[in-house]
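1. sequence first, then the predicted structure:
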Amino acid sequence: MHIPDGFLDVQTSVIFTGLSAAGVAVALKGARSQLDEKTAPLAGLTAVFIFAVQMLNFPVAAGTSGHLIGGALAAVLVGPWAATLALTIVLLMQAFLFADGGLTALGASTFNMSIVGVWAGYGAFLLVRKILPKRKASISVAAAIGGFVSVPMAAISFTLQYAMGATATYSTTTVLGAMVGTHVLIGIGEGLITGLTVSAVIASRSDLVYGWKNNNQSLEIRNA
């Protein structure tokens, strides 16, 4: 999922760098309402966990690689705005310290994982959570489905970028099939890891899980 230098033309890289910068700027404002003295440390731990998981790369096609993203997991634990920031920090560290992904394509990679991955996964989580019973187990199931959805959606976003300005000679159809096909399989693993991790955290400290607190607040009944 990390895009190497020279894989996208300058115009496409600049466009998605601008979109990512705008998204991160909005996330900075939104995260203020999601983080407090309790959840801020959890956001840091989540970023560390995602950093470690993303180091496991799977070769895909045309010089690209695939890996677990962790966007849905972060969104459920600390909220989507904070999750966008956490993923962005992880991608910056990987690019500058480990050369994982090109610097010129950092904006495009950030758009795919920190924005599309996070918000597609969180959107799927909210939809499933609304359908399922209002129980803690439902949060884990919804998180798992959100984790699964986030990965191929990020892969589709990359394919759009490839179609807009790729410098490689592979056809868009070939890249789409390779990316989505592989990332559906990776998404299954991501869904399982996301569901199990959320289940473990919610069993011990449900008060720290944003997706559960948000669910409770919408059901709160006050007596006069």
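-> Ah, there it is. None of the values given here were measured: they were computed from a predicted structure. Numbers count the residues shown, from 1 in each chain.

2. what does the helix or strand harbouring P41 contact?
-> Counting by DSSP states H and E, the element that carries P41 is helix 39-54. Contacts with helix 39-54, where a contact means C-beta atoms under 8 Å, 6 or more residues apart in numbering, come from 35, 67-70, 73-74, 77-79, 82-83, 85-87, 89-90, 93-94, 100, 193, 197, 208, 210. (C-beta placed from N, C-alpha, C; glycine too.)

3. quick one: K213 from F98, how far?
-> For K213, the distance to F98 equals 34 Å [C-beta to C-beta, to the nearest Å].

4. which of those two has more neighbours?
-> The neighbour comparison of K213 against F98 (other C-beta atoms under 10 Å) goes to K213, with 14 against 11.

5. tell me which element the more buried one falls in.
-> Using DSSP H and E, the element containing K213 is helix 210-219.

6. which non-adjacent residue is nearest Y122?
-> With C-beta to C-beta, 6 or more residues apart in numbering as the criterion, Y122 has its nearest non-adjacent residue at 3.9 Å, and that residue is A75.

7. and L35, which of the three is it?
-> coil (DSSP: H, G, I helix; E, B strand; the rest coil).

8. what's the burial count for it?
-> With other C-beta under 10 Å as criterion, L35 counts 19.

9. residues contacting it?
-> L35 is in contact with A43, V78, G79, A82, counting by C-beta under 8 Å, 6+ apart.

10. from A82, how far out is the first one?
-> Read that as A43. A43 is 5 Å from A82, by C-beta to C-beta.

11. please pull out the lowest mean pLDDT helix or strand from the chain.
-> Within the chain, no helix or strand scores below strand 65-67, which has a mean of 60 by mean pLDDT, DSSP states H and E.

12. next SSE downstream of it?
-> Following strand 65-67 in sequence order, the next helix or strand is helix 71-78 (DSSP H and E).

13. for that next one, packing partners?
-> helix 39-54, helix 80-98, helix 118-131, helix 136-165, helix 172-204, helix 210-219 (3 or more C-beta pairs under 8 Å, 6 or more residues apart in numbering; DSSP states H and E).

14. need phi/psi at Y170.
-> Here is the backbone geometry of Y170 (degrees, to the nearest 10): phi -70, psi 140.
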